[in-house]
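>>> Structure, please.
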Amino acid sequence: MPPFHQIDLPLLLQPLAGDAGFRRYFRLAGRMSLIAVDSPPDKENNPAYIKVAMAFQRHGVTTPKILAVDFANGFFLLEDFGHQLLHPELLAGSVAKESSPARLSAANYYQQAESVLLDIQRVEPSPRVFAAYDAQRLQSEMDLFADWFVSQLLGVELDEHESSMLSRLFSRLIEAALEQPQVVVHRDYHSRNLMLLEDGALGVIDFQDAVVGPMTYDLVSLLKDCYLRLPRDQVISRALDYKQRLETELSMAPVSDDQFMRWFDLIGLQRHIKVLGIFARLSLRDGKQAYLKDLPLVIRYALEAAQGDEVGQAFYKWFVERIEPLLPGQDWYSDWRTAGENHQ
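Numbers count the residues shown, from 1 in each chain. The predicted structure is shown next:
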């Protein structure tokens, strides 16, 4: 990449699709392409972006190079990773790369994404860079479910019994999260935050909220992706293969397959309860209605995981009896029991 002073001016500014935050992205098209970011400093933690990017890059994780920063105004100038997200390639199942006649299967891409995840989990969990994914943070995330999904989206006010049921479940999920080995967690590691680069590598984006937390969290984000669904047998197979890599490559203390999958499913339940609240908030507060169409798949993940846990079964029964009858009246709703199957 040439030095900044060699970039031809003027440049064409092209708006790009944003993420779930308040950042706006623009492609600067000239002799070379760059990404300009408008990240309001009163709404986004911009220093965290720089700290995490540098920590990731030191451990071989490919994130956009930072070419210029204006912290006062919230402006970044970044390397352009191009247009190709991993998501459509996983949906297609396989793809013919222009640079090679070989066809890469979805399994190859998952293997590659899991290797990058191992690199992230090798990052030093410095408290100067990464906050702890502690009980308070886990609790506040799950509180979004009652506030935004149940109350504001569906108009349901919880009674004391229902609130106690959720409190018991949340305590169970927090306990399970904190008993796992703790590593650096991207916190939103899925196919829309991974990009296919020209050299065949995977680039990682939207990493500024990284924390130190449960070892299986990012693996759940990848294998129980809110935007596409893998069959359960493939999820289990990939998760247990990754467990073997953790034990051999990261020297994780061996645990049984059942224990690992219990951690995996319970942190998945925590994540997807949180996401139900976040997607509702993105629609109601931020005007980003497109996220609502992904709610049925998130509901499916949450209820499937809840069924497999003794405390979670009360949540499952309550949801099916109290919440599910309200869902067909929602414009975004489709049957959660089959959500995501058109992608398999």
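
>>> and N108, helix, strand or coil?
helix (DSSP: H, G, I helix; E, B strand; the rest coil).

>>> which residues touch the spatially closest residue to D335 that is not a sequence neighbour?
Nearest non-adjacent residue to D335, counting by Cβ to Cβ, 6 or more residues apart in numbering: P296, 7.0 Å away. In short, each C-beta sits where N, CA and C put it, glycine included. Residues counted as contacts of P296 (Cβ atoms under 8 Å, 6 or more residues apart in numbering) are 332-336, 339.

>>> possible to save the residues you listed as TSV with pLDDT?
Listed next are the contacts of P296 as TSV, based on pLDDT from 0 to 100:
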residue	pLDDT
W332	97
Y333	96
S334	96
D335	97
W336	97
A339	97
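
>>> By neighbour count, which of those residues wins?
The most crowded member of the contacts of P296, judged by other Cβ atoms under 10 Å, is W336 (21 neighbours).

>>> Spit out the contact partners of that residue.
Shown in contact with W336 (Cβ under 8 Å, 6+ apart): 296-297, 299-300, 303, 324, 327.

>>> go on, Y109?
Applying Cβ under 8 Å, 6+ apart to Y109 gives the contacts 86, 89-90.

>>> change it to 6 Å
Not one residue lies near Y109 by Cβ atoms under 6 Å, 6 or more residues apart in numbering.

>>> pLDDT below threshold where in the chain?
When residues are selected by pLDDT under 70, those of the chain lie in 1-13, 17-21, 30-31, 94-104, 342-344.

>>> about what we covered before: what's the closest of the contacts of W336 to A135?
Lowest distance from A135 to the contacts of W336 (Cβ to Cβ) belongs to L303, with 24.1 Å.

>>> Between the contacts of P296, which sits nearest S167?
Checking the contacts of P296 one by one against S167 (Cβ to Cβ), the nearest turns out to be W336, at 23.9 Å.

>>> Packing partners of the helix or strand that contains Q234?
Assigned by DSSP states H and E, Q234 falls within helix 232-249. With contacts taken as 3 or more Cβ pairs under 6 Å, 6 or more residues apart in numbering; DSSP states H and E, helix 232-249 sits against helix 217-223, helix 257-284.

>>> between the longest one and helix 232-249, how big is the angle?
Same thing as helix 257-284. Interaxial angle, helix 257-284 versus helix 232-249 (axes from the mean of the first three to the mean of the last three Cα atoms, to 10 degrees): 110 degrees.
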